[in-house]
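In: Sharing a model that was predicted from the sequence below.
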Amino acid sequence: MRGALAAAAVAAVLCGSTTGRADDAGEPAALSPPRLGARLSGGYWSGSRTLDDRASFLVTRLDVKGDAQLAAVAAVHFEGRVWNQDALDGEQDTQGQMRELWLELQPSESFDVRVGKQYMTWGRADGINPTDLINGSDLTALVVDDSDRKLGSWVLKATKELGRSSVSALWLLNFVPSVLPLPPIGGGISISQQLPSEGFRQGAIKVERTGGYVDASLCYFEGFDHTPDMTLAGTAITLFYPRLKVVGGDVAKNWGRFGLRAEGSYTFQGNAGVPPFPPRQNVVAVVVGVDRSWFEYLNINVQYLGRYLTRFDDPKAISDPTVRSFAILRSLLIQQQSRLQNGMSARVSYKWFHETLEAEVHGVTWFEGGDFVISPRATYAINDNLKVSIGADVYRGPPDSVFGLLRANSLEFGELGYSF
């Protein structure tokens with residue numbers, strides 16, 4: 001509940017903020033009042049996203065956010081969340097989380113500094129972004145929108161505008177790993193987690209250009225992988241987070257009803273040993289897609305997905321059956337189960353009734369493994385404040401494939417949300 005109390009405290013501060021700045025006559029000028037908003041939602045989920053056999057969750061959630069102008073050159077923003085799930089089983093597992101809390105200083109129109117807990121999404125591809133390197137995600141969260149899975153990190157960010165271009169430099173002050181579903185592991189195997197001891201040794205830089213012939217960016221990141229690797233010693237598995245260096249970029253261009261998106265990265269992982277498993281390899285990841293609009297509201301987006309390893313040691317060739325089984329699991333975790341991976345994603349969306357009803361179907365597949373996920377969604381705005389959402393996630397594939405491993409996370413859901 002600490003996150004919930006912190007959110008309430010910040011809301012109280014914002015509501016009481018009366019800071020002003022002097023106008024041209026030297027008198028204090030009233031700033032705009034704080035902007036506060038909240039969303040209360042409740043929904044039913046047929047299963048969990050933690051690879052277990054639990055079913056029938058009632059999830060209630062309160063999201064609160066606010067902005068306040070503290071002075072002419074200073075503003076503060078926060079987002080907090082309180083939620084409860086498993087209510088159908090009588091559990092009262094209420095949790096709170098401060099998702100964002102940052103202060104922004106803007107001494108000039110072309111320069112700003114933002115410090116605090118924040119999350120951001122890098123990349124222009126649709127949903128799968130090789131350059132999205134700053135934040136981890138909670139992939140076990142029972143939320144409708146993927147953006148709600150982001151986990152905030154404490155970041156110092158400075159941005160300088162240069163006409164249509166900008167340069168941003170980031171210093172990540174702590175490390176927040178992604179929360180991943182792990183399959184049940186029997187046989188007396190224990191699992192522990194080893195976080196980086198120097199989470200503040202992370203940084204990134206991004207150069208971006210928008211509003212011209214094309215939108216494009218280049219970025220460099222040096223820090224820790226949000227997705228863990230693993231080692232095996234006897235009956236003990238240790239999850240750790242290796243250090244990475246990543247160079248990437250993206251580009252986007254629209255021609256009438258057509259849009260082109262491309263994004264890619266090269267990850268330097270080093271060849272440090274991970275006994276008894278093969279070493280991690282450098283990775284080239286690319287996403288190239290095109291989307292096209294028909295009529296007024298139909299949109300179709302198709303993307304090619306590719307991953308290439310500079311070297312590959314097949315985990316299936318390991319002679320020891322115990323080590324081999326864990327090596328295959330580990331290769332799925334770090335997505336290095338083959339030297340070349342080819343896949344595609346597709347999204348089809350449409351709107352009806354003056355855009356009050358929106359529906360889409362999104363799917364991803366990897367050709368080599370034959371695995372896929374299909375996620376239909378539909379949202380209807382009953383009025384400006386009340387919205388209902390339904391959807392499902394369907395995972396299929398062999399058990400030694402990424403989406404096949406997630407088969408137990410297939411579920412359906414329905415949620416009613418009220419914004420105020």
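Out: Arrived safely, thanks for sending. Residues are numbered from 1 along each chain as shown.
In: So this structure: which segments form each domain?
Out: 1-98, 119-419 (automatic domain parsing).
In: Please convert the ones you listed to JSON lines, extending it with mean neighbour count.
Out: Where you see a C-beta, it was placed from the backbone N, CA and C, and this is true even at glycine. JSON lines is the format used below for those (neighbours: other CB atoms under 10 Å):
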{"stretch": "domain 1-98", "mean neighbour count": "15"}
{"stretch": "domain 119-419", "mean neighbour count": "17"}
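In: Tell me where the stretch 51-200 of the chain has strands.
Out: In the stretch 51-200 of the chain, the segments counted as strands under DSSP state E, counting those that start in this stretch are 55-71, 74-85, 93-108, 111-118, 153-162, 165-172, 190-194.
In: Run through who's touching the fourth one.
Out: The reference is to strand 111-118. 98-106, 152-161 (CB atoms under 8 Å, 6 or more residues apart in numbering).
In: who wins for proximity to A378 among the strands of the stretch 51-200 of the chain?
Out: Closest to A378 of the strands of the stretch 51-200 of the chain, according to CB to CB: strand 55-71, at 18.2 Å.
In: tell me which strands and helices the closest one is in contact with?
Out: When contacts are defined as 3 or more CB pairs under 8 Å, 6 or more residues apart in numbering; DSSP states H and E, strand 55-71 packs onto helix 2-15, strand 35-47, strand 74-85.
In: Strand 35-47 and that strand, what's the angle between them?
Out: Put simply, strand 55-71 runs at 170 degrees to strand 35-47, going by axes from the mean of the first three to the mean of the last three CA atoms, to 10 degrees.
In: Next, the angle from strand 55-71 to strand 74-85.
Out: Going by the same axes, to 10 degrees, strand 55-71 makes 170 degrees with strand 74-85.
In: Paired strands for strand 55-71, with orientation please.
Out: Strand 55-71 pairs in its sheet with strand 35-47 (antiparallel), strand 74-85 (antiparallel), by DSSP bridges.
In: State the mean pLDDT of that strand.
Out: The pLDDT scores in strand 55-71 average 94.
In: repeat for stretch 150-165
Out: 96.
In: what's in contact with that stretch?
Out: Stretch 150-165 is touched from outside by 98-101, 109-119, 121, 134-138, 166-176, 178-179, 207-212, with contacts defined as CB under 8 Å, 6+ apart.
In: next one: stretch 40-54
Out: Stretch 40-54 is touched from outside by 55-63, 85, 139-142, 144, 181-184, 389, 405-406, 408-418, 420, with contacts defined as CB under 8 Å, 6+ apart.
In: likewise stretch 266-279?
Out: For stretch 266-279, contacts defined as CB under 8 Å, 6+ apart pick out 229-232, 242-248, 280-285, 313, 315, 318, 320, 323, 326-327, 330.
In: Compute the first-to-last residue distance for stretch 39-55.
Out: End-to-end distance for stretch 39-55: 25 Å, by CA to CA, to the nearest Å.
In: Ok, stretch 221-228 next?
Out: Length of stretch 221-228, first residue to last, CA to CA: 17 Å.
In: So what touches it?
Out: Residues from elsewhere that reach stretch 221-228 (CB under 8 Å, 6+ apart): 133-137, 172, 175-178, 180, 193, 196, 199, 201-204, 239-246, 248, 333-334.
In: Can you tell me which of the residues you listed end up in helices?
Out: The helices, defined by DSSP state H, take in L333 from the contacts of stretch 221-228.
In: which residue sits closest to G116 in space, ignoring its chain neighbours?
Out: Among residues not flanking G116 along the chain, W102 sits closest, at 3.0 Å (CB to CB, 6 or more residues apart in numbering).
In: Let me see the contact set for the one you found.
Out: 76-78, 114-118.
In: Not counting its neighbours along the chain, what's nearest V143?
Out: In this structure, V143 finds its nearest non-sequential neighbour in R149, 6.2 Å apart by CB to CB, 6+ apart.
In: Pull the contacting residues for A285.
Out: Shown in contact with A285 (CB under 8 Å, 6+ apart): 130, 264-265, 267, 306-307.
In: Determine which two of those residues are furthest apart.
Out: So, these by CB to CB: farthest apart are T267 and G306, at 13.6 Å.
In: Would you confirm that T121 contacts N129?
Out: Yes: T121 lies in contact with N129 (CB atoms under 8 Å); the separation is 6.9 Å.
In: thinking again about what came up before, any chance of the strands of the stretch 51-200 of the chain in TSV, plus distance to C219?
Out: Putting the strands of the stretch 51-200 of the chain into TSV (distance: least, CB to CB, whole Å) gives the following:
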stretch	distance to C219
strand 55-71	27
strand 74-85	23
strand 93-108	20
strand 111-118	17
strand 153-162	13
strand 165-172	9
strand 190-194	27
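In: Which one of the ones you listed lies nearest to A125?
Out: For the strands of the stretch 51-200 of the chain, the distance to A125 is smallest for strand 165-172, at 19.1 Å, taking CB to CB.
In: can you dump the C-alpha coordinates of the closest one into PDB?
Out: C-alpha atoms of strand 165-172 as PDB (Å, rounded to 0.1, in the frame of the first residue of the first chain):
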ATOM      1  CA  SER A 165      15.600  17.600 -34.600                       C
ATOM      2  CA  SER A 166      16.200  16.900 -30.900                       C
ATOM      3  CA  VAL A 167      18.900  15.200 -28.800                       C
ATOM      4  CA  SER A 168      18.000  13.400 -25.600                       C
ATOM      5  CA  ALA A 169      20.500  12.100 -23.000                       C
ATOM      6  CA  LEU A 170      19.300   9.800 -20.300                       C
ATOM      7  CA  TRP A 171      20.900   8.600 -17.000                       C
ATOM      8  CA  LEU A 172      19.000   5.600 -15.500                       C
END
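In: Report the angle between that strand and strand 111-118.
Out: Relative orientation of strand 165-172 versus strand 111-118 (the same axes, to 10 degrees): 40 degrees.
In: got the angle for strand 165-172 vs strand 153-162?
Out: Going by the same axes, to 10 degrees, strand 165-172 makes 160 degrees with strand 153-162.
In: if we can go back for a sec, sort out which of the contacts of A285 are in helices and list them.
Out: Checked against DSSP H, the contacts of A285 include nothing in helices.
In: so V167 touches A204, yeah?
Out: No: the pair V167 / A204 is not scored as a contact, 11.6 Å apart, by CB under 8 Å.
In: distance of V402 from R54?
Out: Counting by CB to CB, to the nearest Å, the gap from V402 to R54 is 22 Å.
In: And for V290?
Out: Distance check for V290 against R54: by CB to CB, it reads 40 Å.
In: same check, this time on S166
Out: Distance from S166 to R54, by CB to CB: 46 Å.
In: Nothing else from me, thank you.
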